[in-house]
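> My questions are about this predicted structure, shown below with the sequence.
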Amino acid sequence: MGETAEFTTTELADWGWPEVQALGGGAADPFETGSLNVTWRPKDRHFGVWHEGRVVAHAGFVVAPVEVDGQRFDVAGIGGVIVDAAMRGRGLARLAVTGALDAARADGLDRALLFCLPDRAPLYAHLGWLPLPTPVTADQPDGPAAVPIGAMWKSLTPGAGWPEGPVRLHSLPM
Ligand SMILES: CC(C)(COP(=O)(O)OP(=O)(O)OC[C@H]1O[C@@H](n2cnc3c(N)ncnc32)[C@H](O)[C@@H]1OP(=O)(O)O)[C@@H](O)C(=O)NCCC(=O)NCCS
């Protein structure tokens, strides 16, 4: 998949909480979303950036249905983006997310969606993501609920737009 002299991006067969913790530098809540009380959806596919024989960055994706203004379409839900705590700020989140988005595009998806805390939004904006009107309503164990952090979307194919209106994600958020 993606390759530079030092870093190679591949799809991963396995990814779970121990691997997340290994990249999180010992943080109890590596994504800092624990206090939001949101039930998140596990991702179906995982993409890792390899460096010196180990995975140093990860992004996951899952196909999820969205409804906006009466239009229903599938998106690539991106989540679980994490970079080894000692290697942040070197473009590895960009590589991991690009790996996931390339796979989503290859699967025929033309829009991606993610949720992020406000201090991560400028990073995603730099990578071409656009803010959506919030809150997005998503499934939760007790029924639909507003997701209490911002949502952003990115076009994966030329000309793919996002309709105006409140966004309903027919899935747990990712
Ligand atoms: C958030 C996180 C994934 C970012 O990883 P990172 O390795 O520092 O990110 P990158 O270096 O790949 O940054 C991607 C791009 O955004 C840019 N960027 C980073 N912070 C930015 C900011 N505040 N404003 C604008 N651009 C920014 C970088 O310069 C880089 O651009 P470039 O590729 O053109 O040089 C990392 O801090 C992390 O693992 N945090 C803990 C887990 C987490 O919060 N995940 C996010 C879930 S939404």
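Great, that's in hand.

> rest of the way, CA atoms for contacts and neighbours
Will do.

> My guess is Thr9 contacts Arg94. True?
No. Using CA atoms under 8 Å, Thr9 makes no contact with Arg94, being 10.9 Å away.

> of the two, who's got more company?
Thr9 (24 against 18; other CA atoms under 10 Å).

> residue ranges for the helices of the protein, please.
For the chain, applying DSSP state H gives helices covering 17-23, 92-106, 121-126.

> thinking Ala85 is in contact with Gly24, fair?
Yes. The criterion here is CA under 8 Å, and Ala85 meets it with Gly24 at 5.7 Å.

> Common neighbours of those two, please.
Here Ala85 and Gly24 have no joint contacts, going by CA atoms under 8 Å, 6 or more residues apart in numbering.

> Of the helices of the chain, give the one that comes closest to Gly161.
helix 92-106 (14.7 Å; CA to CA).

> Distance from the chain centre to the closest one, please.
Centroid displacement of helix 92-106 relative to its chain, using CA atoms, centre = their mean, to the nearest Å, is 10 Å.

> hmm, it in reach of the ligand?
Yes. Interface with the ligand: helix 92-106 contributes Leu92, Ala93, Arg94 (CA under 6 Å from any ligand atom).

> Turn the residues you listed into CSV, columns for pLDDT.
Formatted as CSV, the residues of helix 92-106 next to the ligand follow (pLDDT from 0 to 100):
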residue, pLDDT
Leu92, 98
Ala93, 98
Arg94, 98
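
> quick one: is stretch 34-49 near the ligand?
No. Stretch 34-49 lies apart from the ligand when judged by CA under 6 Å from any ligand atom; the minimum separation is 10.8 Å.

> So which residues make contact with that stretch?
Here stretch 34-49 makes contact (CA under 8 Å, 6+ apart) with 7-15, 55-62, 79-80, 92, 95-97, 99-100, 140-141, 147-148, 171-174.
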